[in-house]
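Asks: after the sequence you'll find the predicted model.
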Amino acid sequence: MKPRIYIDTSIVGGYFDIEFERETKALFERFKNNEIIFVVSDLLYVELLNAPDKVKNLLAKYESSQFEHIEMNEQVEELANKYIEEKVVGKTSIEDCRHIALGTINNVNILASWNFKHIVNYDRIRGYNAINIREGYNLLEIRSPKDLIKHKEDEK
């Protein structure tokens, strides 16, 4: 079974960022080769509305049917608010919390992000997962694309 990887907006933007493009493009290559499934949300598409055109249009290069699409709902909003209430992150990070909640509630295998301040951060991950477990959800694996790509030495 192919891993279902939820991608947040930083992954799409990372495709065009000098610092992150190598690993991001390698992750997209795995997606293109049908090795993984990208899970995308309506929140991602809303956030992309304000992005530069090349970022906004990246996902349109692929067939919509290649993605698994998920949507915000009341359950997602409630879980995201719990992360804020329990001070995993501050109120200004509600969108990040919604991404975490979307991945958690939709039981993805991994959430991929380049956001090291609010998402791919050891203490934050522990906080999100403590709440997830307490609320009856599974642990959410959170990684940067560096952990999700194949390296040349892996192919030997």
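Replies: Nice, thanks for sending it over. Everything quoted here is computed from the prediction, not taken from an experiment.
Asks: would you map the helices across this protein?
Replies: 9-14, 21-32, 42-48, 53-56, 74-85, 94-105, 122-134 (DSSP state H).
Asks: out of those, which gets nearest to Asn115?
Replies: Of all the helices of the chain, helix 9-14 sits nearest to Asn115, with 5.0 Å by CB to CB. Bear in mind the C-beta positions are built from the backbone N, C-alpha and C, glycine included.
Asks: name the helices or strands packed onto that closest one?
Replies: helix 21-32, helix 42-48 (3 or more CB pairs under 8 Å, 6 or more residues apart in numbering; DSSP states H and E).
Asks: can you do 6 Å?
Replies: For helix 9-14, there is no helix or strand it packs on, judged by 3 or more CB pairs under 6 Å, 6 or more residues apart in numbering; DSSP states H and E.
Asks: quick one on the thing from earlier: and of the helices of the chain, who's closest to Ser64?
Replies: Nearest of the helices of the chain to Ser64, taken as CB to CB: helix 42-48 at 10.8 Å.
Asks: tell me the mean pLDDT for the closest one?
Replies: Helix 42-48 carries an average pLDDT of 97.
Asks: next one: stretch 72-86
Replies: What stretch 72-86 shows for mean pLDDT is 98.
Asks: what's next to that stretch, contact-wise?
Replies: Asp42, Leu43, Lys91, Cys97, Arg98, Ala101, Leu102, Ile105, Ile131 (CB atoms under 6 Å, 6 or more residues apart in numbering).
Asks: and if we set it to 10 Å?
Replies: 41-43, 46, 70, 88-106, 118, 124, 127-128, 130-132, 134-135, 137 (CB atoms under 10 Å, 6 or more residues apart in numbering).
Asks: return the members of those classed as buried.
Replies: Neighbour-count burial (16 or more other CB atoms under 10 Å) applied to the contacts of stretch 72-86 gives 41, 43, 70, 88-89, 93, 96-105, 118, 124, 127-128, 131-132, 137.
Asks: ok, now which ones touch Val46?
Replies: Thr9, Met72, Glu95.
Asks: didn't the last one look like it was pressed against Thr9?
Replies: Yes - in this structure Glu95 lies within contact range of Thr9 using CB atoms under 10 Å: 8.5 Å.
Asks: mutual contacts of those two, please.
Replies: Leu43, Val46, Glu47.
Asks: could I get these as TSV with distance to Lys56?
Replies: What follows is the shared contacts of Glu95 and Thr9, written out as TSV (distance: CB to CB, whole Å):
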residue	distance to Lys56
Leu43	15
Val46	11
Glu47	10
